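1. Below is the sequence, then the predicted model.
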Amino acid sequence: MRFAALLMVATIQAASIWNIGIKTAAAQNMVALGFIEKQLGATISWAEWFIAAAPYAVMMSFILYFVCMKMLTPETMEVAGGDETVRREREALGPMKPSEKKLMVISLGLLFLWVTEKTLHPLDTTTSTVIAVTLMLLPGIGIMNWKEAQARISWGTLILFGVGISMGSALLSTKAAVWLANQLMTVFGLASMGVFMVFAILAAFLIVVHLGFASATAVASSMISIMIAVLQGLGNDALNIVGITMVLQFVVSFGFILPVNSPQGILAFSTETFSAKDCIKVGLPLTIIGYALMLIFVQTYWHILGIF
């Protein structure tokens, strides 16, 4: 059914877009921020990330709608009985349970702590998240216990997270990141280029590299430390290396083309509601437009913010 393919492809692409827009939406963002803190001694707050990335994500969301409707035009614009089904399912849910109300309060409190990071309090994103999770596990709160949490945790993701960070740390400690950065600078001739061209080439490089990875976390783990080393190797003290690295991390979430380029894509592909060709039909133009839009933002919005 073409409508089902449209919904699933749009869902996975929207998830990738908002992995860019929100700092805490994806593990790869936290990996990149870890390298920024380790190599550059800087931190980026939730609000700072949101101000820089959200306008881009909003524009990409509108573009996604038109690309999906053009490339995967549904056979119908309305599902028969859809409104009635939604109403029936909502009634079946019943009123909110006490545990659900507690979860909502904790979630809203966590979001407040994220948004006001570095302004109203000294807690960073990681600390506030740990506090929220601890509250949910405390006896008497009634949201979940360790046995329930343990069964639902994706341990494979945590292992991938740990391996990725270890790989990135190894690149730094062995000076391999610097060596690879020097190779990139030599191959592409980056040393003689302006900031705009350097970013354009590095962003295109990350998009191509991502085609060979099933995880943006793996891309961030292996590439962000190299990107930082490249920017440092340019020897331009006027560069906002922290800001440019953040925007390059936005590119890491460009897992649009193949369903195997993102965890959500792999999960959705297992439903057998769409083909790899369907994903490519939407993902390829979305990648090209997203890349072009990013270059426009470099020259306009991000330039005004002082990132470039």
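-> Arrived safely, thanks for sending. Residues are numbered from 1 along each chain as shown.

2. Can you check what pLDDT the model gives V251?
-> The per-residue pLDDT reported for V251 equals 92.

3. Give me the neighbour count for it.
-> Using other Cβ atoms under 10 Å, V251 has 24 other residues around it. Just so you know, the C-beta spots here come from the backbone N, C-alpha and C atoms, and that holds for glycine as well.

4. Identify the residues contacting it.
-> Residues in contact with V251 (Cβ atoms under 8 Å, 6 or more residues apart in numbering) are 203, 206-207, 291, 294.

5. With pLDDT added, can I get those in a markdown table?
-> Output for these, formatted as a markdown table (pLDDT from 0 to 100):
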| residue | pLDDT |
| --- | --- |
| A203 | 91 |
| L206 | 88 |
| I207 | 89 |
| Y291 | 95 |
| M294 | 94 |
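
6. what stretches of this protein score poorly on pLDDT?
-> Across the chain, the ranges flagged by pLDDT under 70 are 1, 75-82, 142, 154-158, 160-165, 167-169, 171-173, 175-178, 214.

7. which residue is nearest the middle of it?
-> The geometric centre of the chain, computed from its C-alpha atoms, lies nearest to N19 (Cα atoms, centre = their mean), at 2.7 Å.

8. quick one: that residue and A27 touch, right?
-> No. N19 lies out of contact with A27 (Cβ atoms under 8 Å); the separation is 9.3 Å.

9. For the stretch of helix or strand M30 belongs to, name the packing helices and strands.
-> Here M30 is covered by helix 27-40, with elements defined by DSSP states H and E. In terms of contacts (3 or more Cβ pairs under 8 Å, 6 or more residues apart in numbering; DSSP states H and E), helix 27-40 is packed against helix 155-173, helix 216-233, helix 241-252.

10. For P122, grab the count of nearby residues.
-> P122: 8 surrounding residues under other Cβ under 10 Å.

11. Please apply the same query to the one 4 residues further on.
-> Number of residues near T126 (other Cβ under 10 Å) recorded here: 12.

12. Repeat that for M104.
-> Around M104 there are 11 residues (other Cβ under 10 Å).

13. what's the closest non-adjacent residue to it?
-> Among residues not flanking M104 along the chain, M96 sits closest, at 7.6 Å (Cβ to Cβ, 6 or more residues apart in numbering).

14. Run a quick neighbour tally on the one you found.
-> Counted with other Cβ under 10 Å, residues neighbouring M96 total 11.

15. try A32
-> Using other Cβ under 10 Å, A32 has 31 neighbouring residues.

16. Please verify my assumption that R2 contacts P74.
-> Yes. Using Cβ under 8 Å, R2 makes contact with P74 at a distance of 5.3 Å.

17. Tell me which helix or strand comes right after the helix or strand hosting L284.
-> Secondary structure from DSSP H and E places L284 in helix 276-299. On the C-terminal side of helix 276-299, the nearest following helix or strand under DSSP H and E is helix 301-304.

18. What count of nearby residues applies to V9?
-> Quick note: V9 (other Cβ under 10 Å) scores 30 neighbours.

19. what about it, which SS state?
-> Secondary structure, DSSP: H, G, I helix; E, B strand; the rest coil: V9 is helix.

20. so who does it touch?
-> Contacts here follow Cβ under 8 Å, 6+ apart; on that basis V9 touches 68, 72, 268, 274, 278-279, 282.

21. Next: L103.
-> Under the criterion of Cβ under 8 Å, 6+ apart, the neighbours of L103 are 136, 143.

22. Also F199?
-> 244, 247-248, 295, 298, 308.

23. isn't K118 right next to T43, touching?
-> Yes. Taking contacts as Cβ under 8 Å, K118 lies within contact range of T43: 7.5 Å.
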